[in-house]
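Peer 1: Everything below, folded, please.
(2 chains)
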Amino acid sequence: MKALRWLRAPALRWLKAPAFQMAALGALLFGITHVAGSTLVPHKKRVEIPAHRLEAMLRDFKADVGRPPTRREWDQMVDMQVDDEVLYQYAIALGMRENTAVQRRLAQIAEFVDANPHESTQAGKARAAVELGLDEGDLIVRRILVDSAKRLIKGVVLMQKPRPQVVEEFYAAHSDEFTRPARIRISQIAVNGFLHPQSEEYARRLLERIRSEKLDPEAALRLADETPAPVHLDLQTEQGLRSQMGGDFAAAVMTLQPGSWSEPIPSDYGYHLVWVDEYEPAQVLPLAAVREQVESQVLQKLADDWLRLRLRELRTEFDIVVPGRES
Amino acid sequence: MVSSRVCLAVRLASTAASLLAAISFPNAGLAQAAKPAASGGKPADNRAKPPFEITEDRPRCRNYDPKRQALFGTTHLHTGLSFDASIRFVDYANGNDPKTAYLFAQRLSPINLPEPSGAQPLKPRRSCKDLPTPTPGNGPSRTPCNDEALDWGAVTDHSEHFGVMGFCKNFLGDIPESLSMECRMINGFFYEPGHAINPPFGKSLASNAFTQLTVPGLGPVSKNTNLPVCNNNPELCAKAEMAVWDEIRHAAEQAYDRSEDCKFTSFVAYENTSTPLLNNWHRNVIFRNDRVVKKPVNALDMAVRVNTNPTKEPIDSVASVVIGKEDAARVWPVPEGTVVTYPLPQPFWNKLEEDCTNGKNVTDGRARRCDFITIPHNSNLGGGGDIIPPMFLNPFNTADAKRHLQMEPLVEIYQDKGSSECRYDPRFLAGTNTIDEYCAFEILDSKSLGSASGVGSGSSGGPEAPDTWGDRAYVRNVWKDGIQYAASGKFDGVNPFKMGVVSAEDSHTGVMGWHPENEQWPGHLGIDDAYPMAEASTIQNSSGGPSVVWAEENTRDSIFEALKRKETYGTSGPHIKVRLFGGWNYPADACGKDFVGIGYAGGVPMGGDLPKRTGKEGSPTFITWATWDDFLKTKLQQIQIIKGWVDANGGEHERVYTVAGWAGSPFNPQSELDSKTCKPKEDVGEKQLCSVWRDPQFDPKQHAFYYVRVLEEPVCRYSTLWCRKWIGVDPLNTSQCNTQLAALRSGSKEDKIKADQGAMCCSSQTTSTFVQPVIQERAWTSPIWYEPATRTTVAKK
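Peer 2: Residues are numbered from 1 along each chain as shown, chains lettered A, B, ... in the order given. Predicted coordinates:
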């Protein structure tokens, strides 16, 4: 919950503010208020992505890549610019310019143009910067405001606890992410690769002998060579088998069925005939065991969805003009 | 228009309503921070009492193996929480963080890297099931997934700047400190992708921030300090530091699987970034469990004297300090009156011991006590010149020699910034105190961190003779010096440099456990080496390799004890498995039996000391075994045992023995390769090799060490495949490569850009930038040491 940490202090202030609570409820029910004719941003503001910014983007892309962007690449780049601009305007509409860091930055900018910088207060200088429009071109102010707006929008969701039903539905829809892998318990007859250079062939002959003589598993196990590999391996996952016996062995063994000796399977030590003693299929972990993880993922997804939704809606609040493109 | 607006409004409203319905508004307000899930209770009854100390209650793993198993991990990795990742546009806010790094290691998540321009990927990749996001223009994807999952790992972000990172990454909200000069450097405000007037200059300014953020505070001999933004706001900085450290600890807890499945083990860790005059004296600090220091102890603690007034007292960069009475306790066991012109690791070790081991400043947690190890790395960039000595300092006295031995059980022998095993340069037909031609592997032409990383003043004068490197730039020489000390009796017979071995990555991109030797490698330093073939310093870097332990199970206690007893090895990338045992009477046919059981029963594993000789034994015998990486499927060529020893006159010696497989050709591996496919020409090599070897030149009066180096059959280096795929030149075809590059330079604009991106593609073993287009991947084990039973003092060096 990294969002919680850096949201806590300013977010508490915002959450307690009645104005914010009203704005949040209004934002959630924006469809109705929109039809009724009242919107968060009282006027549909014209917002233009400056042509020089698009030119700079195009120039940088060509310099880096050596060709113009494809239509798709260009559309994606422009969309990001539009989203940033919308969030910037949204942040201003919410009064986020009052943020301490922004005020200080605005005051810094204004010092260059203030006739008496030492006599003016920080608030005064910041006001002057806004009046002169210096904030709009300052990348630092823009970045702070855009980031703050994103965090605020997502924070509305991230601060909350998802409803149990939603958690259960998400859990059901993504059960493969919460699955305990299959486990297997085996016994094995090893053919030591250093005793028998043609160990695969040797293993095959052993298998034929076991079948022709109808040896029971205990008798068959006595045919094994000595290797570092244990004769019996307890119930474990493919990952566990890989650590002990190698990846090829682990992958092959997990496909075996109980009740018969396998064909020769290679391992780190040679070849093996494997008998499956027990197989436990993969099972979805109960929700109780992974609830915290599921809730976290649900909130992240909801927050991302909410941000996307909110951006789509906010776009309708502005008259966005992109030179060379229909708004 | 109205109806479409109504439709949109209704649609959005209904979606919003469903979102609203999905979340509740509890009266309590803020959701509580997630706590780690409860453990599974007492250990399983069917496991014998394990041989390692248990400091945390948890069930034993289902695949517990008393003969130990190879567990692949990493001891060195950075995310967007490191200052020098962030200056290169590796973005914490875009998910490049410890939590994602741990998921990446397990192949559960991709990770976002900056595009070469510095912009974040246009279309983030949400899952490893999705296709990688193509990079605009040229080059590999910037949203990779891991190829082979890791078993364990540690995120080691740079700890000195945790406070600053806390400011810059909004851990305390939008506070004025987030606009400080330091944050502007760290957040790349000097270069804004898509807005820069002069992008190349901006990028250079952004990455040169490394020097500004490192040299002033992390290398002075004395009174070094934090960055000004922290010195000006110490309480707030401490708060920010705690917030970042909390996140790192929490991410490790979330990633640690405490169930019987033991899928993944994480360690809480960080890096000490001591950098005297841009020489690398870095060390990683790895904690055993969740009981860790409340405040990281790091390079700032290596100052000979503490700066009590950091906003007024200057640092001492290149001065000499005489250790006085007032310093003695802090820098023990460095004696009073010692003149030093460099920082000291002793106060760093002392404070870690005090705060962690002795419990003075330890966090709460489930475990019973705090424990740690420190692992130095990049001795190849670690000094040895006139002003700054090598990071492996001469001990000051016997107590100090014991301190080195106690505090640094391991050394990182290989990582992204080259090999520190040994150095042989075919351009000079000579080595740094070696004639071992297989030491011509991933050697850098840089001597310091600044030039290796591509910032600051680099070595631009071409190759330098091997004897201009200090001997102790290379670990094999350090080992020889260690047994020399022991043999001379200088420190009462103590060998201060008895370090085992790990490999690592040091990638600053969060790509934990990813070591591709192919064209998918996007560099390890964000925008600095997004095109690794563009510059001399970056083409010499690689993708590093894993740290491997032989441990009973995949848990913190078991792995940590394996690290401490040095039953460890490292590789240059592949998941090769290697065993080494040393004893006096191993049977010659051990390979055809349970050689592991025989090895443990009759001797010691890698990292150990040969049992004391009673006088009846002959020469020591060694069992060594290796198996290939069955995912990459490159066969093994040979196993070598490398012996180092000291003679009666104090002279140091070394010799390489091929004990299994066949001795290839170190300078012409290309002849064994199909140049079209970059695979070995015929069906050469073996999947497994094993040998029982007896030292034919053993002298029981001589101190010695033995370690194993395993070599694969040759493959193309990643730079070769990279240049073929993305640039369209062939480094294997020397006569044509430069012609191809020249043709690009005089071609279209796109061709010219490619020529710049691949400017170093035609480098080889004979050019001024040393690169081997064909390499032999390898593994190195911890040594086994031999000490004579009765001490006979040799002449001191």
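Peer 1: Could you pull up the residues touching residue B:281?
Peer 2: B:219, B:274-275, B:299, B:302, B:343, B:345, B:376, B:382-383, B:391 (CB atoms under 8 Å, 6 or more residues apart in numbering or on different chains). C-beta: built from backbone N, CA, C; applies to glycine.
Peer 1: if we go to 10 Å?
Peer 2: By CB atoms under 10 Å, 6 or more residues apart in numbering or on different chains, the contact set of residue B:281 is B:218-219, B:272-275, B:299, B:302, B:342-343, B:345, B:348, B:376-379, B:381-383, B:388-393, B:449.
Peer 1: Got phi/psi on it?
Peer 2: Backbone geometry at residue B:281, expressed as degrees, to the nearest 10, gives phi -120, psi 30.
Peer 1: swap in residue B:363?
Peer 2: phi -70, psi 160.
Peer 1: That one and residue B:253 touch, don't they?
Peer 2: No - with contact defined as CB atoms under 10 Å, residue B:363 does not reach residue B:253; the gap is 11.2 Å.
Peer 1: tell me, what's touching those two both at once?
Peer 2: Between them, residue B:363 and residue B:253 share the contacting residues B:268, B:290, judged by CB under 10 Å, 6+ apart.
Peer 1: what's the span of stretch B:283-300, first residue to last?
Peer 2: Terminal residues of stretch B:283-300 lie 13 Å apart, using CA to CA, to the nearest Å.
Peer 1: buried sites along it?
Peer 2: For stretch B:283-300, burial by neighbour count (16 or more other CB atoms under 10 Å in any protein chain shown) applies to B:283-293, B:295-300.
Peer 1: near chain A, which residues of the stretch 251-400 of chain B?
Peer 2: B:251, B:254, B:259-264 (CB under 10 Å from any CB of the partner chain).
Peer 1: Where does the prediction get shaky in the stretch 101-250 of chain A?
Peer 2: For the stretch 101-250 of chain A, the stretches flagged by pLDDT under 70 are A:117.
Peer 1: Show me the helices in it, by range?
Peer 2: Taking DSSP state H, counting those that start in this stretch as the test, the helices found in the stretch 101-250 of chain A are A:122-131, A:134-137, A:139-158, A:164-173, A:199-212, A:217-221, A:238-245, A:247-253.
Peer 1: can you pull the buried residues of the last one?
Peer 2: Spelled out, that is helix A:247-253. Within helix A:247-253, the residues scored as buried using 16+ other CB under 10 Å are A:247-250, A:252-253.
Peer 1: overlap between these and the residues near chain B?
Peer 2: Counting by CB under 10 Å from any CB, the members of those near chain B are A:247-250.
Peer 1: Tell me where the stretch 651-797 of chain B has strands.
Peer 2: For the stretch 651-797 of chain B, the strands defined by DSSP state E, counting those that start in this stretch cover B:652-661, B:673-674, B:679-680, B:688-694, B:704-712, B:715-716, B:774-775, B:778-781, B:784-786.
Peer 1: Run me through the strand neighbours of the third one, direction for each.
Peer 2: The sheet places strand B:679-680 alongside strand B:673-674 (antiparallel), with pairing taken from DSSP bridges.
Peer 1: average pLDDT for the strand it pairs with?
Peer 2: What strand B:673-674 shows for mean pLDDT is 90.
Peer 1: dump the residue contacts of residue B:635.
Peer 2: B:628-629, B:661, B:680, B:683-689, B:712-713.
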